[in-house]
Structure formats: structure tokens, C-alpha cells
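> only geometry, no sequence info:
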């Protein structure tokens, strides 16, 4: 009598034990040495950027000027104007325009600087009722500090000659002039030969495309960066024009001074508009006699900045240029700490350049995905 073999039921695979999982994890090919070297490289690069700020900061601004002005130089080249002459004309026109604006705004800025003591006294009178709790806390802190001082009278103090205001201003003006010269010359040479240089740098990236595609990739990076910087600059100028006209209608003194300040500060997302609103608010409270009139200029600034940041900029730039707000904030904090206010201004364009470059490299595409909103 034949017997029928019944198949044994399949056993469910048992879950690997904790020891197996740990051994598998330890056996994975994890390049610890490479990660450590990468971390040390980043720390060293940050230290170099911090120490050599006066060198790298003008170069960063020159790179932004290259992406912004490159389409105009190409337009001159299409008209058979040599790149050397076209670059000189474009940079010369930019310097002339900025110089004219600086001269026009220098006198109002100097007047506000002269009025600073009177402005501070006016603000002190108007905010006297608000400052009473703060003054009480300050007086209490002074009493605690005096109570904790021990042996102060027996110490010998040595007077140290501090630099005068003229020395500080002269040193700052000299350093600024040197950095501006470095930025202009670097931008000029980038307009002359920046395409080839960026092509060589892009070839150093992992899994970079071959030479036949490298040119189109570089052109795509430059096109998108030029589009981003040009659009942001146009939006900032539009915000400045609207704010200047509104402040002029409200009777605010020197409205175009505050408009120019708003155009510069608007390159810094989130923080720039806040600083501008507070500055205009302080000047408004020092100018207008009553609170209702003094509140109008900062409220108008707040309304225009809100429309620009939440409606116009996302609608014009689109999703292709959007980055996670958390990434932008951390990036701003880092570059603001590293290079102060100029670092905060150049931070977002640098972040956008990194994002666009990573999108063009298959090996770095996950980095761009992490940045995306």
C-alpha cells in the first residue's frame, strides 16, 4: 500500500537575535576612518574660513556677482563685444550706480547720526513708563553686584589707552575699501574665465558627468543661480520702492534711506525684515509726536514684508528654489556667527548654490533632497 508523503508545513523564519543584529551591524562596511577624516576636514575648513574672513568673504560676494552679472556679459558677447570690455562695462556701471546711491544716502545717514543723542533722549521720555520695571530690576542687580564685591578697594587698577573713535572708523574704512577692491577684481576675473574654472571644479565632484555633459550641467547651474539672484534682487528693489513711497506718503523723514536699508536687509530671510522693522519703528517713535502716527511706518513695513515673504517670493520663485526653513535658519545662524552681518547676507545664495550643484550630481542628490522643503 503506497504511502503519501505530506509536505511539512513551512516554518516561519525566526527573527534574528540581538547578537546577530549587532554582529551584522559591526560587520557592515562602515568607513569610520573616512567619516573621521571628513569631520576633521570640516572643522579645519571652518577654522580657516573664520580666520581668513577678510579673504574669503569678498570672494563669496564676487561669486554671487558673477552669477548675477554673467547673463549681461553674455549679452554683450552676443553683440561681439569682448568679454574683457563687457565685464568692465558691467562692473563699472554697477559701481557707478552704487556710488551714486551711497552719495545720495550719505547725507541723510549723517544727519541721523548727528541726531542720535536727541533721538535717544526722545525715546527715553516716551518709553519712561515702560522702563520702570526694567529699571527696578537693574537697580536690584546693582545692589547684588555691590554686595558681592570683595576687596575691590585694595586693588590697583592700570589705565589702558583705548583707541579713539577716529582710529576705529579709519581702520574699518580701510579694511572695507580693501575688501571691496578684492571683490571687484575677483568678480571681473570670474566674468572673464569663470566658466572654465567652474567646469574644472565640478569635475572634482563624485560621479561627475563626462565632458560632453559637463558643459551643459555647468550652464544649468549658472542659469539657475543667475535666475535666483536676479529674481531676489528684483523683489528686494520692488520692496524698497514700495516702502519708500509709503514712508514718503506717511511723512517719514528720509524715506529712501530706510528703503535702501530694507533692500539690503531683505537678502537675509526672517531676520532681515525684523531688524528693518525695529529700526524704522525706533526712528518713527523718535520723529512723530503721538503713538498712533508713530506706529504706522513699522506696521506698513510689516505688511509689505509679509506680502513679499509669504505671497510674492514663493509665487515667483516656485517650488524649484524652496528650501526647508529649518535648514535656512541653521545655515543663517552658522554664517552669521562665522562672518557676522555680511555672512548672513551671503548665506542663502551660497546654500542655494550648494543645493543646485547637488541636484546635478547623482551621488549628492540625497543632500539636495534633504534641503528641499
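Alright, I've got the coordinates. What you see is a predicted model, and the numbers here were worked out from it, not measured in a lab.

> surely residue 178 and residue 57 touch.
No - Residue 178 lies out of contact with residue 57 (CB atoms under 8 Å); the separation is 11.3 Å. The way it works is simple: take the backbone N, C-alpha and C, and place the C-beta from them, glycine included.

> who has more neighbours out of those two?
More crowded of residue 178 and residue 57, by other CB atoms under 10 Å: residue 57, with 21 against 12.

> which residues touch the more buried one?
179, 339, 342-343, 346 (CB atoms under 8 Å, 6 or more residues apart in numbering).

> swap in 10 Å and give it another go.
Residues in contact with residue 57 (CB atoms under 10 Å, 6 or more residues apart in numbering) are 49, 179, 182-183, 338-340, 342-343, 345-346.

> could these go into a markdown table alongside distance to residue 365, secondary structure and pLDDT?
Converted to a markdown table, the contacts of residue 57 look like this (distance: CB to CB, whole Å; DSSP: H, G, I helix; E, B strand; the rest coil; pLDDT from 0 to 100):
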| residue | distance to residue 365 | secondary structure | pLDDT |
| --- | --- | --- | --- |
| 49 | 26 | helix | 86 |
| 179 | 35 | helix | 87 |
| 182 | 34 | helix | 90 |
| 183 | 32 | helix | 91 |
| 338 | 27 | helix | 89 |
| 339 | 29 | helix | 88 |
| 340 | 33 | helix | 86 |
| 342 | 31 | helix | 87 |
| 343 | 27 | helix | 87 |
| 345 | 28 | helix | 87 |
| 346 | 25 | helix | 89 |
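
> next, format the residues you listed as TSV and append neighbour count.
Putting the contacts of residue 57 into TSV (neighbours: other CB atoms under 10 Å) gives the following:
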residue	neighbour count
49	17
179	18
182	17
183	19
338	16
339	20
340	12
342	16
343	22
345	23
346	18
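
> just checking, what packs against the host helix or strand of residue 225?
According to DSSP states H and E, residue 225 maps onto helix 211-250. Counting by 3 or more CB pairs under 10 Å, 6 or more residues apart in numbering; DSSP states H and E, the packing neighbours recorded for helix 211-250 are helix 53-78, helix 165-203, helix 255-265, helix 271-287, helix 291-307, helix 313-317, helix 325-359.

> tell me which of those helices sits most buried.
Most buried of those, by mean neighbour count (mean count of other CB atoms under 10 Å): helix 255-265, with a mean of 21.

> quick one: which of the helices and strands packed on helix 211-250 is nearest residue 102?
For residue 102, the closest of the helices and strands packed on helix 211-250 is helix 255-265, at 9.1 Å, according to CB to CB.

> and that closest one, how far from the chain's centre?
17 Å (CA atoms, centre = their mean, to the nearest Å).

> how about stretch 285-295?
For stretch 285-295, the distance to the chain centre is 32 Å (CA atoms, centre = their mean).

> swap in stretch 74-92?
For stretch 74-92, the distance to the chain centre is 29 Å (CA atoms, centre = their mean).

> next, the distance between the ends of it.
16 Å (CA to CA, to the nearest Å).

> what mean pLDDT does that stretch have?
The pLDDT scores in stretch 74-92 average 89.

> any buried residues in it, and which?
Residues 76, 86-87, 90-91 are the ones in stretch 74-92 that count as buried (16 or more other CB atoms under 10 Å).

> now render those as JSON lines, adding secondary structure.
Below are those laid out as JSON lines (DSSP: H, G, I helix; E, B strand; the rest coil):
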{"residue": "76", "secondary structure": "helix"}
{"residue": "86", "secondary structure": "helix"}
{"residue": "87", "secondary structure": "helix"}
{"residue": "90", "secondary structure": "helix"}
{"residue": "91", "secondary structure": "helix"}
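
> most widely separated two among these?
76 and 91 (11.9 Å).

> still on that earlier bit, what about the helices and strands packed on helix 211-250, which gets the closest to residue 101?
helix 255-265 (6.6 Å).

> what is the closest one packed up against?
Helix 255-265 packs on helix 83-114, helix 211-250, helix 271-287, helix 291-307, helix 325-359, going by 3+ CB pairs under 10 Å, 6+ apart.

> picking up where we left off before, mean pLDDT lowest where, among the helices and strands packed on helix 211-250?
Note on the helices and strands packed on helix 211-250: helix 165-203 shows the lowest mean pLDDT, a mean of 77.

> do you know how far residue 184 is from residue 65?
According to CB to CB, to the nearest Å, residue 184 and residue 65 sit 8 Å apart.

> for residue 373, same thing?
Residue 373 sits at a distance of 27 Å from residue 65 (criterion: CB to CB).

> next one: residue 88
Using CB to CB, residue 88 is found at 13 Å from residue 65.

> next: residue 325.
27 Å.

> cool, residue 267 as well?
Relative to residue 65, and taking CB to CB, residue 267 is found at 13 Å.

> which residues do the two both contact?
Common neighbours of residue 267 and residue 65 (CB under 10 Å, 6+ apart) are residue 229.

> which ones are touching residue 184?
Shown in contact with residue 184 (CB under 10 Å, 6+ apart): 58, 61-62, 65, 91-92, 94-95.

> now swap in residue 73 and tell me
Taking CB under 10 Å, 6+ apart as the test, what residue 73 contacts is 66, 81, 83-91, 191-192, 194.
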